[in-house]
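Trainee: Build me a model:
(chains A and B)
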Amino acid sequence: MSIEKTIEKEVKSFIEKEFGQTPADTQVQLQKTRKEFKGDVTLVVFPLVKLIRKSPEQAADIIGLHLKEKTAEVTGYNVVKGFLNLEISPNYWRQVLNILYGEKDAVVAPAADEMATMIEYSSPNTNKPLHLGHIRNNLLGHSVAKILQAAGNKVIKVNLVNDRGIHICKSMLAWEKWGQGETPESSGLKGDHLVGKYYVKFDQEYKKQIKERTEKGVPAKEAEKQAPLILEAQEMLRKWEAGDAEVNALWQKMNAWVYAGFEETYEKMGVGFDKIYYESETYKLGKSKVLEGIENKVLFRKEDGSVWADLKEEGLDQKLLLRADGTSVYMTQDIGTAIQRFEQYPVKELIYVVGNEQNYHFQVLSIIMKKLGYDFADNLHHLSYGMVELPEGKMKSREGTVVDADDLIEEMISTAREMSEEMGKLDEFEQMEKENIHRILGLGALKYFILKVDPRKNMTFDPKESIDFNGNTGPFIQYTTTRLKSVMRKAEEKNIEIPAEIPEAVVPNEKEIGVVKLLKDYRTIIAEAASERSPALIANYIYELAREFNQFYHDYSILHEESEEIRQFRLVLSKETLKTLTHGLDLLGIETPERM
RNA sequence: GGCUCCAUAGUUCAAGGGAUAGAAUAGCGGUUUCCUAAACCGUAGAUCCAGGUUCGAGUCCUGGUGGAGCUACCA
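Mentor: Reported below is the predicted structural model:
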């Protein structure tokens, strides 16, 4: 039993016996003792003073004295205001490390639950390359999937590629008009960037046409609708929907370019999926369910034939589900895909990793699903993450301020390369090995930078200041692991064995206890990160652990320690720390190099 | 206009209603005959404003100020 549980139990039974009052769980508040005070565990006494009817100081004193007498692990206490700081014996911490060390897996045992959690992320449009916003989405989705798995869930990762619609037709049309048969091979451009180029081209030409008309006095809205380019694009979409062979062939060709490009970026980021859905295959879903909804009178039809949900009772507006011409909208498709997924898979919940700009959409989705009578509506969760903003505000493709995913990744790797070469620690390595380490470090810095921030919050990225490699960063934690790996290598070279158990005679010092205390928390942190769906909790934890270990490492030597028993203790401590840091980094999708 | 979210050192981020608000970075000053100095130590620096609830408020409530998002027969 953990020391906190033991103390909690003892405090409760003590107060019950002595004062005839049973404290509620929320009244027994235990927390870690702050660094500036003596002690390990702190009981906040304020909530208990009403039951005990003494001053906070007196109450703390009585409880402290009792715990010291009754609980073997409590070796002393002190009272500061209403805070009872309890000192726990170093032997207890040694035992904690022994237990952690004995459990070979840092991972929580897989749950027996056969029902899976499905997590949808990435979901890109195929008309332009991925940017920094997508990076946050992908890293979050991938990391949350890993964390859920580590917490004992079955996880299915899915991607829904938005491969159809008017925006795709814009790229296709521009390529036909101005592309002169350009291909990724002929231009040397990555497929998604090539298609993106024509999407931009369309927009430019379209704007010109609008301007020509507004200058002749046509109202802006009229001009937007009249411009020949947009009419052509709309015509192309109609042909696509009618299955026109020529349009379809072009669509297939250009999408294939984009997929190849995306695949490259996904691979670089280290993210992947168990199943990829294409909107061209799912966009007709949901319509029949909506029609059923009319029969069941939960939806209604307007005079023009369009179908709506009335959400006034929920404090929202009306929401369109089928256009007057009978075609579906985004919401209709999402209704269809959700139903399909719950029917096809043994899924207990569905998590959508989508930006907070779509909060309203997902709020409405849940309400409509419920209206349609699907119980799993309560198991649809929107993992709503904040925008990545530039110092001057939102990224705008029109103003060319979009931070391209591929460019950023390359920049990170080359920064790692520059720094590494300056330090010269890898000089004797082969080129291939060096490049691999630069890649691991560059991506480590990027991933940690993104994931350490609470997903729900907006974050700022300044392209002028490169992402740090020192301090609270991925490379800092990676560096700690390479030091540890180096210690392990040297131990092996010197034939120093790492024992199966720690000798009982060892009494850990303060720095060592500091590390053990953190190691003990790891499983709890995973569970919390899973329920909060927040990789930031993992990131903050491993940073703190690395920092704590570095302090110990700086002050004490491991292999050069003279006492064999203490050396063994420190080796076990190091091995456990390495295991935990590596595992935590892996949950963030970050690799650890052997050297750096 | 309506709805939602946000506001913490110069900057980027932390802080389950609890102690003297933590880090990092930038600044200043130190540490290397010893397991990797991408490290370690020291120094200085912050809760948007006004009320309220509470033994205790960055955290909860009300009002204000400033910012973001949503409010499409786009996806």
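Trainee: Give me the residues contacting stretch A:582-592.
Mentor: Contact with stretch A:582-592 is made by A:106-107, A:139, A:142-143, A:146-147, A:150, A:269-271, A:440, A:443-444, A:447-448, A:451, A:474, A:477-478, A:481-482, A:485, A:522, A:526, A:529, A:535, A:538-539, A:541-542, A:545, A:581, as judged by C-beta atoms under 8 Å, 6 or more residues apart in numbering. C-beta coordinates here come from the backbone N, C-alpha and C atoms, glycine included.
Trainee: for it, what is the average pLDDT?
Mentor: For stretch A:582-592, the mean pLDDT works out to 98.
Trainee: Does RNA strand B have contacts with it?
Mentor: No. Figure legend: stretch A:582-592 not in contact with RNA strand B (C-beta under 7 Å from any atom of the strand); closest approach 10.1 Å.
Trainee: how long is that stretch from one end to the other?
Mentor: End-to-end span of stretch A:582-592 (C-alpha to C-alpha, to the nearest Å): 7 Å.
Trainee: So what's the gap between it and the chain middle?
Mentor: Distance, stretch centre to chain centre, for stretch A:582-592: 12 Å (C-alpha atoms, centre = their mean, to the nearest Å).
Trainee: what do you get for stretch A:148-161?
Mentor: The answer for stretch A:148-161 is 12 Å, by C-alpha atoms, centre = their mean.
Trainee: Between its first and last residues, how far does that stretch reach?
Mentor: Terminal residues of stretch A:148-161 are spaced 23 Å apart (C-alpha to C-alpha).
Trainee: which of the residues in it are buried?
Mentor: Applying a neighbour-count criterion of 16 or more other C-beta atoms under 10 Å, one finds A:148-161 buried in stretch A:148-161.
Trainee: returning to what we had before: list buried members of the contacts of stretch A:582-592 by neighbour count.
Mentor: Among the contacts of stretch A:582-592, the ones that count as buried by 16+ other C-beta under 10 Å are A:106-107, A:139, A:142-143, A:146-147, A:150, A:269, A:271, A:440, A:443-444, A:447-448, A:451, A:474, A:477-478, A:481-482, A:485, A:522, A:526, A:529, A:535, A:538-539, A:541-542, A:545, A:581.
Trainee: Within reach of RNA strand B, which of the residues you listed are there?
Mentor: Near RNA strand B, by the rule C-beta under 7 Å from any atom of the strand, you find A:482, A:485 out of the buried ones among the contacts of stretch A:582-592.
Trainee: So which of the buried ones among the contacts of stretch A:582-592 are in helices?
Mentor: Counted as lying in helices by DSSP state H, out of the buried ones among the contacts of stretch A:582-592, are A:139, A:142-143, A:146-147, A:150, A:269, A:440, A:443-444, A:447-448, A:451, A:474, A:477-478, A:481-482, A:485, A:522, A:526, A:529, A:535, A:538-539, A:541-542, A:545, A:581.
Trainee: I would like the residues contacting stretch A:489-497, please.
Mentor: Residues from elsewhere that reach stretch A:489-497, judged by C-beta under 8 Å, 6+ apart: A:498, A:559, A:567, A:571.
Trainee: Report how many residues lie close to the second one.
Mentor: Using other C-beta atoms under 10 Å, the number of residues around A:L559 comes to 15.
Trainee: Can you check what pLDDT the model gives it?
Mentor: 95.
Trainee: now A:A106
Mentor: The predicted structure scores A:A106 at 51 on the pLDDT scale.
Trainee: for the least confident helix or strand in chain A by mean pLDDT, packing partners?
Mentor: When each helix and strand of chain A is scored by mean pLDDT, DSSP states H and E, helix A:220-226 comes last, with a mean of 84. Packed against helix A:220-226, as judged by 3 or more C-beta pairs under 8 Å, 6 or more residues apart in numbering; DSSP states H and E, are the following elements: helix A:191-215.
Trainee: buried residues in the helix it packs on?
Mentor: Those would be A:191-202, A:205-206, A:209-210, A:213, for helix A:191-215 by 16+ other C-beta under 10 Å.
Trainee: What count of nearby residues applies to the nearest residue to A:E504 once chain neighbours are set aside?
Mentor: Nearest residue to A:E504, sequence neighbours excluded (C-beta to C-beta, 6 or more residues apart in numbering): A:R94, at 7.8 Å. Residues lying near A:R94 (other C-beta under 10 Å) number 23.
Trainee: Quick one: residues contacting A:V80.
Mentor: Contacts here follow C-beta under 8 Å, 6+ apart; on that basis A:V80 touches A:F37.
Trainee: partner residues bridging it?
Mentor: Taking DSSP bridges as the rule, A:V80 bridges to A:F83.
Trainee: ok and the residue in the stretch 101-250 of chain A nearest RNA strand B?
Mentor: Closest residue of the stretch 101-250 of chain A to RNA strand B, C-beta to the nearest atom of the strand: A:N162 (3.8 Å).
Trainee: Contacting RNA strand B as well, which ones from the contacts of stretch A:489-497?
Mentor: Answer for those near RNA strand B (C-beta under 7 Å from any atom of the strand): A:L559.
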